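Chemist: One predicted model, sequence on top.
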Amino acid sequence: MPLAARLRPRDLDEYVGQGHALGPGTALRSMLDRGELRSLILWGPPGVGKTSLATVIAAHVDAAWTELSAVTSGVKDVRRLIEEGRTRQQLRDRRTVLFIDEIHRFNKSQQDALLPGVEAGWVTLIGATTENPFFELNAPLLSRCQLVRLEPLSGEDVRTLIERACQDPDRGFGGRIHLDVEAVDHLLHIGDGDARAALSALEVAASAAGVGEPGPDGDTVTLSLDDVADAQQRFRYDKSADGHYDQVSAFIKSLRGSDPDAAAYWLLRMLESGEDPRFLARRMVIFASEDVGLADRQALPIAVAAFDALDKVGLPEARFALTHAAISLAVAPKSNSVTRAMGAALEAVRRHGNLDVPAHLRDSHYKGAGDLGHGAGYDYPHDHPGGFAPQQRYLPEALDGKRFYEPSRHGHEGAVADRVAELREQAAKHRKHQRTDPDPRRKDGRT
């Protein structure tokens, strides 16, 4: 077995880390010490002890252990284990823990298949996931489980596990491995809160030094920084895990917060870690309209140009264009008026449904359209000074006068705000004049 699997804790006292969730006095630990157990979702990044915690919990409450992999199991497997749990409970009065690794990979029907067994208590579900369960799990299933958020392990936690691996006579190297201080520090850096990554790197380095089997026999080998430096790649970055979303979030918030240094850091950190550069380029194109908008009219063209440069020159050269765009977006004045206008217009669409298009705005370029009154009364804006027909209405009647776009005064949008205010004032004056005009006839011929 891999070193990380051999070192899994045998009981709660051996479990390292997650004091916020499992420490004395916490809700979970108090429940376990009373011999009670409810279904759990263990959510956290790789290598923080989700599977280990599930196994020691089952042992602590003396429950039968069964497990499924969400990658290879289906509804039939779920129903079989639930039925086994029901039989075990009825005949032997013993609880069953059903552990499902990567439960976020279960589709809706597979998750629904768990509900009867969890609801009846035939099995106690412990699901492990690296994904945000609020996005990936059905609400009915999530509501029946206690969510336990596991954090990356601290450096001291990982150090404890490294020392255990070096000294444990049965599961580790039995004192045959000695690590220089620099070597330990590098393993902590490699792990970055992921015990599995650090222990895997240690195992590779030990194997290269000829110490591949557990036990105390053999000479002691000292591993230096150079011995472990190539054992594992420097960055731990799973594009399907929570760390991916957290770093993207940090990048976007740095752009929005007008911090070019942080924006460049997060962008290049993700690129160095293997993130898809097209994904990052797309995020910047979205950001240019969502958070900068008309406050800087060059924001969107710069973001699109960076995307285009990526397609034309590829990495690593396109890092220049992507960094150029990130810094430009970070220092640009910010406005979310486009986002607010979009939200307000969508709300009106959803609230009012399919309102009729006003007759004067309908297509009149086909035979018979005129007989239907389509286009009647349309006032061609270019026939007016400034290209604006102030009396014209463009919204359905039920929405007449409704405003969706409210410009800010940030950056270039200050001038846009002045222009919009002028146009709206002209339109308001003309409509006021129409309301006071004693002639009830309208230009489009309707009364």
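Modeler: That came through fine.

Chemist: Tell me, how many residues neighbour the residue lying closest to residue 387 once chain neighbours are set aside?
Modeler: Spatial nearest neighbour of residue 387, excluding adjacent residues (C-beta to C-beta, 6 or more residues apart in numbering): residue 381 at 5.1 Å. Every residue, glycine included, has its C-beta placed from N, CA and C. Applying other C-beta atoms under 10 Å, we find 12 residues neighbouring residue 381.

Chemist: Residue 299 is in contact with residue 410, correct?
Modeler: No - between residue 410 and residue 299 there is no contact under C-beta atoms under 8 Å: 11.8 Å.

Chemist: between the two, which one's more packed in?
Modeler: For residue 410 versus residue 299, neighbours defined as other C-beta under 10 Å are more numerous around residue 299 (27 against 19).

Chemist: List the residues that contact that one.
Modeler: Neighbouring residues of residue 299 by C-beta atoms under 8 Å, 6 or more residues apart in numbering: 288, 289, 292, 293, 328, 329, 332.

Chemist: residue contacts, the nearest residue to residue 98 once chain neighbours are set aside?
Modeler: In space, and not counting its chain neighbours, residue 98 is closest to residue 123: 4.2 Å by C-beta to C-beta, 6+ apart. Counting by C-beta under 8 Å, 6+ apart, residue 123 makes contact with 66, 81, 82, 85, 96, 97, 98, 117.

Chemist: What helix or strand is the fourth one located in?
Modeler: Element membership of residue 85 [criterion: DSSP states H and E] is helix 75-92.

Chemist: Which neighbouring elements make contact with that helix?
Modeler: Identification of packing neighbours for helix 75-92 by 3 or more C-beta pairs under 8 Å, 6 or more residues apart in numbering; DSSP states H and E yields strand 64-69, strand 96-101, helix 108-120.

Chemist: which one of the contacts of residue 299 is nearest residue 1?
Modeler: Among these, residue 329 lies closest to residue 1 (C-beta to C-beta), at 48.4 Å.

Chemist: Identify the residues contacting the helix or strand containing that closest one?
Modeler: Element membership for residue 329 (DSSP H and E) is helix 318-331. Applying C-beta under 8 Å, 6+ apart, the contact partners of helix 318-331 are 251, 254-255, 258-260, 262-264, 267-268, 271, 277, 280-281, 284, 287-288, 291-292, 298-299, 302-303, 305-306, 309-310, 313.

Chemist: Determine how far that helix lies from the middle of the whole chain.
Modeler: Counting by C-alpha atoms, centre = their mean, to the nearest Å, helix 318-331 is centred 23 Å from the centre of its parent chain.

Chemist: Domain boundaries for this structure, per the record?
Modeler: Domains of the chain are assigned by automatic domain parsing as 18-149, 155-229, 242-331, 355-436.

Chemist: quick revisit: quick check: buried residues in the helix holding residue 85?
Modeler: 78, 81, 82, 84, 85, 86, 88, 89 (16 or more other C-beta atoms under 10 Å).

Chemist: Between helix 108-120 and that helix, find me the angle.
Modeler: Helix 75-92 and helix 108-120 meet at an angle of 10 degrees, taking axes from the mean of the first three to the mean of the last three C-alpha atoms, to 10 degrees as the criterion.

Chemist: Check what contacts helix 75-92 and list those residues.
Modeler: So helix 75-92 is contacted by 64, 66, 68, 94-96, 98, 109-110, 113-114, 116-117, 120-123 (C-beta under 8 Å, 6+ apart).

Chemist: Are any of the residues you listed buried, and if so which?
Modeler: 64, 66, 68, 95, 96, 98, 110, 113, 114, 117, 122, 123.

Chemist: Now do the same for the closest residue to the fifth one other than its chain neighbours: its pLDDT.
Modeler: With C-beta to C-beta, 6+ apart as the criterion, residue 96 has its nearest non-adjacent residue at 3.6 Å, and that residue is residue 85. According to the prediction, residue 85 has pLDDT 89.

Chemist: Over to residue 233?
Modeler: At residue 233, pLDDT is 44.

Chemist: What of the one 10 residues further on?
Modeler: Among the per-residue scores, residue 243 holds a pLDDT of 59.

Chemist: cool, and residue 443?
Modeler: 44.

Chemist: And residue 302, by the same measure?
Modeler: 95.

Chemist: Just want the angle from the helix or strand containing it to helix 318-331.
Modeler: Residue 302 is part of helix 299-313 when elements are defined by DSSP H and E. For helix 299-313 against helix 318-331, the angle by the same axes, to 10 degrees is 170 degrees.

Chemist: hang on, the earlier thing: tell me the angle of the helix holding residue 85 relative to strand 96-101?
Modeler: 160 degrees.

Chemist: follow-up on the earlier one: possible to save the buried residues of helix 75-92 as CSV with distance to residue 399?
Modeler: Formatted as CSV, the buried residues of helix 75-92 follow (distance: C-beta to C-beta, whole Å):
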residue, distance to residue 399
78, 50
81, 56
82, 53
84, 60
85, 57
86, 58
88, 63
89, 60
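
Chemist: Cool, thanks, signing off.
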